[in-house]
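Novice: What follows is a predicted structure for the sequence shown.
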Amino acid sequence: GIGLSAVKAWLYYPMSGHLLMAISLSLNFFFFPISLIRVSLNQKISAPVGWIQMSAPAISLYALTIMAQPSFVEEHPDVTKFERVHRMIYLPCMHFLFALAVLGVLSSVQSLIARWDDFKKKEFSPAHAAFCFPTLAHANAIQAYRAAVNSFSDMPSGAPFKIA
């Protein structure tokens, strides 16, 4: 939630947006590993809650890909400085968040498999609609991540691996 608020603040007040994004990333880096461990080890947590945890790094990754774009105030940004800052700060954070997003998916699938016997016996409830959002948020974040890496990659189009 803070990551998307940071993007909205960044559009009008860049410094406060960067502060909110720094808070969002630090909270994500600190609490998400705790969430992974808790969902894996605590069988009392329901399947929808275990599935929802996938969205935490995905939303932060998506917000960071938006903030990595040049601001609208700079119609002609200094490309060399922008690329240097992007490669030094944004891309390593994006790569780490991508790894966390993949871990989140694996953990969510593992939590669903571990809880499947109990979950399949329950009636449908509105809480089961929670399975849609994390999956869509994850797909959106991965597409944005790929676009960010592609935009700063020196590899020709069609190459099997893109690096920046």
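Specialist: Sure, I can see it.
Novice: and residue 141, how many residues sit next to it?
Specialist: Neighbour count of residue 141, defined by other Cβ atoms under 10 Å: 25. From N, CA and C alone the C-beta is placed, and that goes for glycine too.
Novice: Tell me which residues touch it, please.
Specialist: 57, 58, 59, 61, 62, 65, 101 (Cβ atoms under 8 Å, 6 or more residues apart in numbering).
Novice: please redo it, this time with the cut-off set to 6 Å
Specialist: 58, 61, 62 (Cβ atoms under 6 Å, 6 or more residues apart in numbering).
Novice: Beyond the worst-scoring helix or strand of the chain on mean pLDDT, next helix or strand please.
Specialist: Ranking every helix and strand in the chain by mean pLDDT, DSSP states H and E puts helix 79-85 at the bottom, with a mean of 70. Reading on from helix 79-85 to the C-terminus, the next helix or strand found by DSSP states H and E is helix 91-114.
Novice: Mind listing what's buried along that next one?
Specialist: Neighbour counts over helix 91-114 (16 or more other Cβ atoms under 10 Å) mark 91, 93-94, 97-98, 100-101, 104-105, 107-108, 111, 114 as buried.
Novice: Also stretch 20-31?
Specialist: By 16+ other Cβ under 10 Å, the buried positions in stretch 20-31 come out as 20, 21, 24, 25, 28.
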